[in-house]
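Okay, predicted coordinates and the sequence, questions at the end:
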Amino acid sequence: MSFVDGLAPAKVAVLGAGSWGTTFAKVLGDAAEGTGRSIVLWGRRQEVVDQINNHHRNPRYLSTTALPVNITASTDVREVLARAELVVLAVPAQTLREQLRGWAGLLAPDAVVVSLMKGLELGTDQRMSQVIEQELNLTPDRVVVVSGPNLAMEIARQEPTASVVACAAESTAKWVAEVCTPAYFRPYTNDDVVGVEIGGIVKNVIALCVGICEGQKVGDNTKASVITRGLAETTRLALALGGKAETLSGLAGLGDLVATCSSSLSRNHTAGRMLGEGLTLEEVNNRMTQTAEGIKSGRAVKDLAAKMGVEMPITNAVVGVLEGKLTVDDLGPLLLARQLKSEGD
Ligand SMILES: NC(=O)C1=CN([C@@H]2O[C@H](COP(=O)(O)OP(=O)(O)OC[C@H]3O[C@@H](n4cnc5c(N)ncnc54)[C@H](O)[C@@H]3O)[C@@H](O)[C@H]2O)C=CC1
Ligand SMILES: O=C(CO)COP(=O)(O)O
C-alpha cells in the first residue's frame, strides 16, 4: 500500500459530499491532474451523486463550480472505500461516530484517514481525530487533520489559500500534503494535532459571538475585542490539552478565526448574526441549510474547559445564549463586568 511504501495514493475516497467535502475533492482532483489518481466521493443523495457523475457539478452546495473530471461519486460507501489508500471524512461532527461504526470494516487495511471536521463531540468532549482513532482502531500516525482559514466557497473559486495538515507523524502529514497541493492551495505540515483541532473547533463558537455583535450592529472595536480575547481563551484550552501556543497564532488558530469571524460566507458567523438580530435558536436552525458546528460544539467546549479548569468566558456566554439562559443583550454587560485582570493571565 502506498502509505507504507511512500508512493502517492492511486485512489482517494472522500466521505461527505457537502460544501467542504466536495470542495476538498476538487482540491485533490486538481492536484491529481495528469497522475491517474482517482477521487471518489460518497454522497447520501442519489441526485447529488448523479449531478457529479453526469455534469461534474454539485449544484446543491457549489452551484457555480465545475469539478475536475477525475472525481466520480457514488452512494455505495463500500465501493467508494474499496482499495482507497487515503480516506477523507467531511460529515457533521455529531454524526461521525455513528457513521464510522458502519464504515469501520470497509476501510483498506493501511488506509490513512483525514478529518476535515471542526467540531467536538457532545457528551464525550472528544475531538474528531480521537473519535476516528477509537472507532477505526487506528494509531495516531494514520490519522490526519486538515484545518485553516478554508471557507469552501473561496477555495472552490480557486482563490489562493493556505492550510495546515496535522499529524503526529510528520511523514504522514507530508504524504497527505503532497496530494492536496493544487496551484491555489498551500498546506503547511504540523505535528500539533491538538492545537490544530482546538483552533478549528473554538473559532466557530467565537464566530457565533462576533456574528451576534454584527446582528446587534455594534462596531469593529467590539468585534476585534471578541476575536482577540476569543483567541486568548482558545489558546488557554489548547495549552491545557497539550497543544502549542504557536499553532494557535498560526493558520489553524488566528488565521481561521479571522477568516470565519469576518466572512459572511461563514455559517457560524451567519447563525450568530441571526441570533443578534433577535431570531430564536429554533428560527436560526430552520434557516440554516448547512452545518454550523459551533451551535452544538459550544456546549462540548464549555464542558471540556470546565473539566480542564480552563476559564472560557466568551464560550460560556455564547452557550448561555444558545441554551436560552441569556439573551444576546446580556452578553456585553456580562463579559465587561468580569473582575479586572492582566491581559496575559
Ligand atoms: N464549508 C466550509 O467552508 C468548511 C467546513 N469545514 C468543516 O467540515 C465539516 C463538514 O462541513 P460542510 O461540508 O461544510 O457541511 P455541509 O452541511 O455543507 O455538508 C455536510 C454533508 O454531510 C452530510 N450529512 C448530513 N448529516 C449526515 C449524517 N447524519 N450522516 C452522514 N452525512 C450527513 C450532508 O448530506 C452533506 O453532504 C464540518 O465539520 C465543518 O466545520 C471545515 C472547513 C471549511
Ligand atoms: O471553517 C470554516 C472556514 O475555515 C468554515 O466556517 P463555517 O463552518 O462557519 O462556515
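That came in fine, so what should we check first? Numbers count the residues shown, from 1 in each chain. Ligands and ions are numbered 1, 2, ... in the order given.

Okay, strands next: where are they in the stretch 51-200 of the chain?
Ranges of strands within the stretch 51-200 of the chain are 71-74, 86-89, 112-115, 143-147, 161-166, 185-190, based on DSSP state E, counting those that start in this stretch.

Out of those strands, which gets nearest to residue 106?
strand 86-89 (9.5 Å; Cβ to Cβ). Yep, even glycine has a C-beta here, placed from its N, CA and C like the rest.

which regions of the stretch 201-345 of the chain lie under the pLDDT threshold?
The stretch 201-345 of the chain contains no residues with pLDDT under 70.

Could you list the contact residues of it toward ligand 1?
By Cβ under 6 Å from any ligand atom, the residues of the stretch 201-345 of the chain that approach ligand 1 are 290, 291, 293.

Give me the buried entries from these.
291, 293 (16 or more other Cβ atoms under 10 Å).

With distance to residue 326 and secondary structure as new columns, can the residues of the stretch 201-345 of the chain next to ligand 1 be given to me in TSV?
Output for those, formatted as TSV (distance: Cβ to Cβ, whole Å; DSSP: H, G, I helix; E, B strand; the rest coil):
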residue	distance to residue 326	secondary structure
290	26	coil
291	24	coil
293	21	coil
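
which non-adjacent residue is nearest the one residue in the stretch 51-200 of the chain that gets nearest to ligand 2?
Among the residues of the stretch 51-200 of the chain, residue 150 lies closest to ligand 2, at 4.2 Å counting by Cβ to the nearest ligand atom. Excluding the flanking residues, the one nearest residue 150 by Cβ to Cβ, 6 or more residues apart in numbering is residue 163, at 5.5 Å.

follow-up on the earlier one: surely the residue of the stretch 51-200 of the chain closest to ligand 2 is in contact with residue 20?
Yes: here residue 150 reaches residue 20: they are 7.5 Å apart, a contact under Cβ atoms under 8 Å.

Which positions in the protein make contact with ligand 2?
118, 149-151, 204, 207, 256, 259-260, 266-269, 292.

let's go with 8 Å and repeat that
Residues of the chain lying near ligand 2 by Cβ under 8 Å from any ligand atom: 19-20, 118, 147-152, 200, 203-204, 207, 256, 259-260, 263, 265-271, 290-294.

quick one: low-confidence ranges for the stretch 1-150 of the chain?
For the stretch 1-150 of the chain, the stretches with pLDDT under 70 are 1-2.

Now with 80, please.
1-6 (pLDDT under 80).

Count the neighbours of the residue in it positioned nearest to ligand 1 for me.
Per Cβ to the nearest ligand atom, residue 18 is where the stretch 1-150 of the chain lies closest to ligand 1, at 1.8 Å. Residues near residue 18, counting by other Cβ atoms under 10 Å, number 21.
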